[in-house]
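Peer 1: Quick check, what structure comes out for this input:
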Amino acid sequence: MNDLSKKALTVVLDVVRNRPAPLRQFDQIFMKERDMVRQARFIARQFRNLNVVFVGDGDAIALSITHLWRRGCLPRGPKHVTVLDFDGRVINSIRRFAERNGYEHLIAAELYNVADPLPHWLLGKADAFYTNPPWGSKNKGRSILAFLDRGIESVHNSGRAAVVIADDDSRSWTQQVLHRTQVMLLKKGFVMKTMGQQRHHYYLAEAPDLQSTTLIARRVRPSRRLSASLPLSAPSFVDFYGQGKHLSVRYVSDDGDHREHSGLGLIGSV
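Peer 2: You can find the predicted model right below:
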């Protein structure tokens, strides 16, 4: 590893130490550090000088891009990044890091759950979106489609997309979910531009060899501007985070506390 790469890894470790521990019940599985550096470089090139919405970002790729750029490890980054996440720990860790390092003008973080309508002030405003959602192995990809739909709602008629998705020929579910994802993008007026060659590795004990890639797409068919976003339909809540792990928590508080619900209604955390 060359000196610049060593420096980049050190910079990303600052971000890793800042981010909260993953909550496995919500399918939070974090990317390994060297792959975070490669992913940050890849996304920074794709979304240079753009306004980008991150629909969920437990991995802290948005903060990694910003920090790497401002520490001289990237030639440029996005113009501005807005991170949306239901985990208050993630939101507050970004805000604290940004304030500590003087990045408030470059990155913002807002509490948001994909089951809720996208805020009106975000509809059709962004140049691009990024998401690394729950991969949908037990729900036929409905969890990915939920995050994907919010990202699509956030971008204008020439918007770009980056979707991190499992891709493993030996696991048929990954190919089925990849197909559903591409079909949805095509129906929404996007074309596939590239599949990132970089493979991402994760801290996942039960499947240490499972890897992901990044699908890059761009909208080429204009869409009618949305006047409002709609809530996620209740059937999509089932097995959202894995077998028997339904979407039943609206927000996780900064201390990691939350309340479960026996049904599928969304509730606030305590």
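Peer 1: what about the nearest residue to residue 22 once chain neighbours are set aside, which helix or strand?
Peer 2: The shortest distance from residue 22 to any non-neighbouring residue, by C-beta to C-beta, 6 or more residues apart in numbering, is to residue 28 (3.7 Å). Where C-beta positions appear, they are placed from N, C-alpha and C, glycine not excepted. Under DSSP states H and E, no helix or strand contains residue 28.
Peer 1: For the protein, give me the ranges with low pLDDT.
Peer 2: Applying pLDDT under 70 to the predicted model, the residue ranges of the chain that meet it are 1-4, 196-198, 256-270.
Peer 1: If we ignore the residues flanking it in sequence, what's nearest residue 202?
Peer 2: Distance criterion C-beta to C-beta, 6+ apart; nearest residue to residue 202, sequence neighbours excluded, is residue 29 at 4.9 Å.
Peer 1: Pull the number of nearby residues for the one you found.
Peer 2: For residue 29, the tally of surrounding residues (other C-beta atoms under 10 Å) stands at 19.
Peer 1: same deal with residue 192?
Peer 2: Counted by other C-beta under 10 Å, the residues lying close to residue 192 total 14.
Peer 1: Just list the residues touching it, thanks.
Peer 2: Contacts for residue 192 (C-beta atoms under 8 Å, 6 or more residues apart in numbering) come out as 182, 185, 215-217.
Peer 1: Swap in 10 Å and give it another go.
Peer 2: Counting by C-beta atoms under 10 Å, 6 or more residues apart in numbering, residue 192 makes contact with 161, 181-182, 185-186, 215-218.
Peer 1: Mind checking which of these are in strands?
Peer 2: Mapping these onto strands (DSSP state E) picks out 161, 215-218.
Peer 1: Spatially, which two of those are the most separated?
Peer 2: Taking every pair in the ones in strands among the contacts of residue 192 and measuring C-beta to C-beta, the maximum separation is 11.2 Å, between 215 and 218.
Peer 1: which neighbours do the two share?
Peer 2: Residues touching both residue 215 and residue 218 (C-beta under 10 Å, 6+ apart) are 161, 185, 190, 192-194.
Peer 1: from the residues you listed, which would you call buried?
Peer 2: When burial is judged by neighbour count using 16 or more other C-beta atoms under 10 Å, the buried members of those are 161, 185, 190.
Peer 1: wait, which of the residues you listed is closest to residue 253?
Peer 2: Closest to residue 253, out of all of those and judged by C-beta to C-beta, is residue 161, at 30.4 Å.
Peer 1: Can you name the residues that contact the nearest residue to that closest one once chain neighbours are set aside?
Peer 2: Nearest residue to residue 161, sequence neighbours excluded (C-beta to C-beta, 6+ apart): residue 217, at 4.4 Å. With contacts defined as C-beta under 10 Å, 6+ apart, residue 217 is in contact with 148, 152, 159-163, 181-182, 185-186, 188-194.
Peer 1: Now do residue 217 against residue 192, distance only.
Peer 2: Residue 217 sits at a distance of 5 Å from residue 192 (criterion: C-beta to C-beta, to the nearest Å).
Peer 1: Could I get the full set of helices for the stretch 101-250 of the chain?
Peer 2: 142-154, 172-187 (DSSP state H, counting those that start in this stretch).
Peer 1: Pick the most deeply packed of these.
Peer 2: Ranked by average neighbour count under the criterion mean count of other C-beta atoms under 10 Å, the helices of the stretch 101-250 of the chain are headed by helix 142-154 at a mean of 24.
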